[in-house]
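Engineer: Everything below, folded, please.
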Amino acid sequence: MEGFLTMKEEETGRLRDDIEARSAHWELKTKELRSELEKIRRADKELKERVLKLEFCLQEAQSRTRKLRREGIEEQRDKAMKEISEQLETKQREIAKRQNFWESSTFKMVVSVSMLILVVFTKQ
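Structural biologist: Numbering: from 1, shown residues only. Just a heads-up that it's a prediction; the model follows:
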């Protein structure tokens, strides 16, 4: 009977050693998995930050694009307004020249000479 108890104690000792070894193995495995999980979380956080930065850059680029389009439209409008104002100034100059024709010294001299010639011919 003592032999049987000794054998059972030895078996129990081996099982305890086996349990301790497996327990140590699983504790190590748990630490490794937690470490890996932490690395994954950090990488995930970094990726989220990058995504936020890229989204911000995208929004800024879209804003700039809209601004450039507006500026392009404004430039086109300004060019059209400038052309129209130049045309208007040209027309006003032409009208002013026609009006000034009647008040010009050349016209007055021609009229004076014509009147003089008429007076001279009518007296003869």
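Engineer: Next, count neighbours for Val119.
Structural biologist: 10 (other C-beta atoms under 10 Å). Every C-beta, even on glycine, is put in place using the N, C-alpha and C of the backbone.
Engineer: what stretches of this structure score poorly on pLDDT?
Structural biologist: For the chain, the stretches flagged by pLDDT under 70 are 98-102.
Engineer: and the residue positioned nearest the centre of it, what element?
Structural biologist: Closest to where the C-alpha atoms of the chain average out (C-alpha atoms, centre = their mean) is Ala61, at 2.0 Å. Assigned by DSSP states H and E, Ala61 belongs to helix 2-103.
Engineer: what helices or strands is that helix leaning on?
Structural biologist: Of the remaining helices and strands, none touches helix 2-103 by 3 or more C-beta pairs under 8 Å, 6 or more residues apart in numbering; DSSP states H and E.
Engineer: Now do the buried residues in the helix or strand following it.
Structural biologist: Under the assignment DSSP H and E, the closest C-terminal helix or strand after helix 2-103 is helix 105-123. Within helix 105-123, no residue qualifies as buried by neighbour count (16 or more other C-beta atoms under 10 Å).
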